[in-house]
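Trainee: Sequence and predicted structure below; questions after.
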Amino acid sequence: MRHLLVFAAMIVFVSSARSQNAAAIQIQKQFDAAKPDANRLAFYSLDWAMNLKDAKARAAKEHRPILIILNTNITAGTNFFSGHT
């Protein structure tokens, strides 16, 4: 009788683990679907200069214009360098 109870408990445990695994897989699929793709994150992977002096030197060397984005980040503004908004 004791073996039967242990066997029944093992079946319940395995069934529970499978359902938890299925739920975890479903959550992972939803997470992956919601993640932005590389095209949407391209802005954050640009090679930004951290100060105007470096930007001027690089712009002169590469014959390119300078785009300046001023960010104080005082009240949870957008932090372009870390990608957090």
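Mentor: All right, it came through fine.
Trainee: In three-state terms, label the closest residue to residue 65 other than its chain neighbours for me.
Mentor: Nearest non-adjacent residue to residue 65, counting by CB to CB, 6 or more residues apart in numbering: residue 59, 6.6 Å away. Any C-beta I mention is one placed from the backbone N, CA and C, and that applies to glycine too. Following DSSP: H, G, I helix; E, B strand; the rest coil, we place residue 59 in the helix state.
Trainee: quick one: buried residues of stretch 54-62?
Mentor: Of the residues in stretch 54-62, those buried by neighbour count under the rule 16 or more other CB atoms under 10 Å are residue 55.
Trainee: Give me the neighbour count for residue 49.
Mentor: 15 (other CB atoms under 10 Å).
Trainee: dump the residue contacts of it.
Mentor: Contacts were defined as CB atoms under 8 Å, 6 or more residues apart in numbering; by that measure residue 49 touches 55, 58.
Trainee: Now with 10 Å, please.
Mentor: Counting by CB atoms under 10 Å, 6 or more residues apart in numbering, residue 49 touches 55, 56, 57, 58, 59, 66, 67, 68.
Trainee: do the same with residue 55
Mentor: Contact analysis of residue 55 by CB under 10 Å, 6+ apart lists 48, 49, 64, 66, 67, 68.
Trainee: could those residues go into JSON lines alongside secondary structure and distance to residue 24?
Mentor: Formatted as JSON lines, the entries for the contacts of residue 55 read as follows, by DSSP: H, G, I helix; E, B strand; the rest coil; distance: CB to CB, whole Å:
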{"residue": "48", "secondary structure": "coil", "distance to residue 24": "37"}
{"residue": "49", "secondary structure": "coil", "distance to residue 24": "42"}
{"residue": "64", "secondary structure": "coil", "distance to residue 24": "47"}
{"residue": "66", "secondary structure": "coil", "distance to residue 24": "47"}
{"residue": "67", "secondary structure": "coil", "distance to residue 24": "43"}
{"residue": "68", "secondary structure": "coil", "distance to residue 24": "45"}
